[in-house]
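> how would this look folded up:
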Amino acid sequence: MAFTLLGNRYQVLRTLGSGGFGTTYLAEDLQMPSHRKCVIKQLKPIVNNPQIYQLVQERFQREAAILETLGDGSSQIPKLYAYFAESEHFYLIQEWIEGMTLHEKIKAQGAVAEAEVKQILTQILPTLTYVHSQHIVHRDIKPDNIILRQRDNHPVLIDFGAVRETMGTVVNSQGNTASSIVIGTPGFMPSEQAAGRPLYSSDLYSLGLTMIYLLTTKLPQELALDPASGEVVWRSHAPHVSAEFADVLDKVIQYHPRDRYHTAEMLLTALQPQLDLPANIQPSPPIDPSPTPAVTVPPTVISTPPIAQPLSQQRQMSQQGQLADPWAANQSGGFANRSLNQPLNQLGQLPPELDRWNWGAAMLPGLWSINNRVWIGLIAWTCLLTCGISWVVIAILLGARGNQWAWRSRQWQSVDAFKANQRAWSTAGVVVWGIYAALITLGVIVGSLDSSQTASNSQTASNNSTGDSQQQSAESTNVFGFPAPLSEPTDSIDGTWQLGWAIDGSTHQGKLTIDGDRGQLTVTATGKGQKSDRIQETMRLWSSPRGLVLLGYNPIDAGNKAPSTSYSPDNFLFEPQSDGSYRVTRCDDAHNCIDVTATPPG
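Residues are numbered from 1 along each chain as shown. This next block holds a predicted model:
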């Protein structure tokens with residue numbers, strides 16, 4: 001792509017990297033006097049569908065706005081310069097961070113000393129605190145996504161996963177939009193994130209394994225797991241690390257989120273007693289949660305016509321008494337020289353910030369119209385004669401045009417007063433419809449309970465008459481065909497099992513990790529042509545009359561994290577033997593069963 005000009009502005013210099021979601025380039029901005037360098041991320045939706053493309057474009061714009069906010073709020077997150085769509089591709093233009101990634105640092109110099117690892121960790125945690133304060137989980141923290149900036153050696157966090165997830169938007173079988181991918185890097189990604197439920201502590205887990213990589217030069221896949229607890233065993237690869245710091249990192253990478261530090265602030269607090277850094281190594285200062293500076297206006301009267309000033313500056317100047325309210329205009333477009341506490345002149349033009357959908361008018365059109373003096377809304381009350389049709393029609397009409405009509409129908413003290421009135425009606429609408437929905441839900445639940453009780457009574461009567469006392473439950477249907485229902489497990493098979501079986505000439509090797517009644521199975525299936533596939537699925541443990549039953553759900557391809565349509569869930573029966581071992585049988589959903597070789601934990 002050398003010598004390519006993107007957006008009629010950005011000259012591509014070279015390719016920085018590429019992957020399944022697109023390509024990253026280094027470019028220079030030809031419209032800036034300095035021809036500053038920037039990073040261009042070229043992304044393409046995975047589904048070629050015009051309807052999905054439009055949805056992806058809307059989500060892309062929203063995620064770009066979030067990236068702009070993050071970059072403006074922290075000096076350790078690249079700034080977003082621009083974004084645009086061109087030739088079915090989406091482009092993000094971001095600040096170029098000159099420096100080396102943590103991965104490149106390890107390749108260049110080997111393991112990093114404990115003091116420097118603490119420095120990097122304490123400098124990146126305030127940035128992560130800021131990201132989480134914006135209700136955002138990064139989801140792909142790893143050595144390649146942290147750059148040590150050349151000019152000050154501070155770590156910079158790059159490559160947030162939300163935009164890539166947007167590129168993976170598809171429509172599922174129910175017609176709902178969803179992402180076809182799981183964002184994250186195997187090894188650095190905790191189990192809850194792999195299941196599509198990332199938490200703030202998921203980012204800390206990834207960050208902890210990144211710090212262990214700096215200390216050991218070992219990727220997570222190269223480290224052993226404790227067969228009893230499933231925890232990462234790494235201390236033997238970094239014998240010079242202090243026990244106190246190792247204890248902190250061990251807590252960060254606990255398997256269960258409840259056992260980790262829940263927030264970046266908690267982790268930073270735990271590190272404070274250990275910080276004995278050299279004078280030239282200091283943690284980054286805390287992030288200002290409100291980083292955007294206010295506009296400073298000189299204490300003089302602005303002679304430029306108000307309409308030529310930026311809207312945000314006009315508002316601030318009007319609050320300081322230096323400029324009349326920009327919306328107090330007369331019909332000819334001039335501005336009234338009046339006090340701000342006088343009513344606004346009634347204009348045909350609605351302030352742009354108010355040109356939006358009015359939820360209060362849409363939810364309560366008949367009542368809203370009275371308060372706002374938009375009398376057409378009274379037609380909504382004819383719903384008693386039109387079977388509710390008039391209410392719906394007026395609700396849509398007022399939702400779309402209500403702000404414009406209400407703006408002209410009354411005298412408002414200020415734009416803020418208008419907003420406050422509309423917010424109050426929106427809140428009232430949510431409360432009224434919330435109560436209505438709660439009552440309907442309660443009625444449905446009560447009706448369902450009544451139906452269940454009736455069905456239960458009928459079943460009991462039927463069982464008594466036939467002498468069949470078997471209890472029916474949601475778990476009574478299973479691939480092993482037990483007549484009695486499954487129940488919560490009364491025994492455990494905790495730990496990591498190695499399983500093996502063969503189906504139609506294809507060999508299967510499985511790694512099963514169980515903790516309580518939940519587990520995860522990773523299967524490597526090798527066919528006749530020696531082609532191997534890796535599948536991951538979630539497992540659930542039950543008790544049955546013959547032993548423990550382990551049912552599989554939702555198999556996914558371990559390579560691209562997409563749902564697997566060709567692999568049937570695995571189901572296992574663990575039958576206890578007289579010598580304390582288990583006989584293991586595997587059945588699929590079609591009741592095809594085979595014996596399985598099983599090596600227990602330890």
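
> sec struct for T185, please.
Per DSSP: H, G, I helix; E, B strand; the rest coil, the secondary structure class of T185 is coil.

> Next, the contact list for the residue nearest to it when sequence neighbours are not counted, please.
Nearest residue to T185 in three dimensions, chain neighbours excluded: K142, at 5.0 Å (CB to CB, 6 or more residues apart in numbering). Backbone N, C-alpha and C define where each C-beta goes, glycine included. Residues near K142 by CB atoms under 8 Å, 6 or more residues apart in numbering: H103, T185, F188, S206, T210.

> Quick check, central residue of this structure?
V137 (6.1 Å; CA atoms, centre = their mean).

> For it, identify the helix or strand it belongs to.
Using DSSP states H and E, V137 maps to neither a helix nor a strand.

> what secondary structure does the closest residue in space to it that isn't next to it in sequence sit in?
Leaving out its chain neighbours, the residue that sits closest to V137 by CB to CB, 6+ apart is P198, at 4.6 Å. Look at P198: counting by three-state DSSP, its state is coil.

> Could you list the low-pLDDT ranges of the stretch 51-200 of the chain?
51-56, 161-182 (pLDDT under 70).

> mind listing the strands for the stretch 501-602 of the chain?
506-515, 518-526, 532-544, 547-557, 571-576, 582-587, 593-599 (DSSP state E, counting those that start in this stretch).

> Of all those strands, which one is nearest G7?
Closest of the strands of the stretch 501-602 of the chain to G7 is strand 547-557, at 35.4 Å (criterion: CB to CB).

> residues in contact with the closest one?
Applying CB under 8 Å, 6+ apart, the external contacts of strand 547-557 come out as 182, 478-480, 486, 489, 491, 493, 512, 514, 519, 521, 533-543, 562-564, 567-576, 582.

> Now it: buried residues?
Residues of strand 547-557 classed as buried: G547, L548, V549, L550, L551, G552, P555, I556, D557 (neighbour count, 16 or more other CB atoms under 10 Å).

> for stretch 571-587, same thing?
N571, F572, L573, F574, Y582, V584, T585, R586, C587.

> any idea how far V523 is from A558?
9 Å (CB to CB, to the nearest Å).

> ok, the two, which is more surrounded?
Using other CB atoms under 10 Å as the criterion, V523 and A558 rank with V523 on top: 21 against 17.

> what pLDDT does the more buried one get?
With respect to pLDDT, V523 scores 92.

> same thing with A329?
33.

> I'd say E68 and L80 touch.
Yes - judged on CB atoms under 8 Å, E68 makes contact with L80 at a distance of 4.4 Å.

> These two: which has the busier surroundings?
Higher neighbour count among E68 and L80: L80, with 19 against 16, using other CB under 10 Å.

> my read: G230 touches D515, true?
Yes - if you go by CB under 8 Å, G230 and D515 touch, sitting 6.9 Å apart.

> Give me the common contacts of those two.
Common contacts of G230 and D515 (CB under 8 Å, 6+ apart): Y255.

> Can I get the buried residues of stretch 571-587 in CSV including pLDDT and distance to L121?
Listed next are the buried residues of stretch 571-587 as CSV, based on pLDDT from 0 to 100; distance: CB to CB, whole Å:
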residue, pLDDT, distance to L121
N571, 91, 43
F572, 91, 42
L573, 92, 47
F574, 92, 43
Y582, 91, 44
V584, 93, 44
T585, 92, 48
R586, 91, 44
C587, 86, 48
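
> Just put the residues you listed in a markdown table and tack on distance to A380.
Shown next, in a markdown table, are the buried residues of stretch 571-587 (distance: CB to CB, whole Å):
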| residue | distance to A380 |
| --- | --- |
| N571 | 56 |
| F572 | 60 |
| L573 | 62 |
| F574 | 63 |
| Y582 | 68 |
| V584 | 66 |
| T585 | 65 |
| R586 | 62 |
| C587 | 59 |
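
> Going by distance to P155, which of those wins?
Of all those, F572 has the smallest distance to P155: 44.9 Å, by CB to CB.

> Now do the residue nearest to that closest one when sequence neighbours are not counted against S566, distance only.
Once flanking residues are discounted, F572 sits nearest to L550: 4.4 Å by CB to CB, 6+ apart. As judged by CB to CB, L550 and S566 stand 21 Å apart.

> among the buried residues of strand 547-557, which two are most distant?
Across the buried residues of strand 547-557 (CB to CB), the longest gap, 30.6 Å, separates G547 and D557.

> from memory L512 sits against L499, does it?
Yes - L512 is within contact range of L499, at 5.8 Å (criterion: CB under 8 Å).
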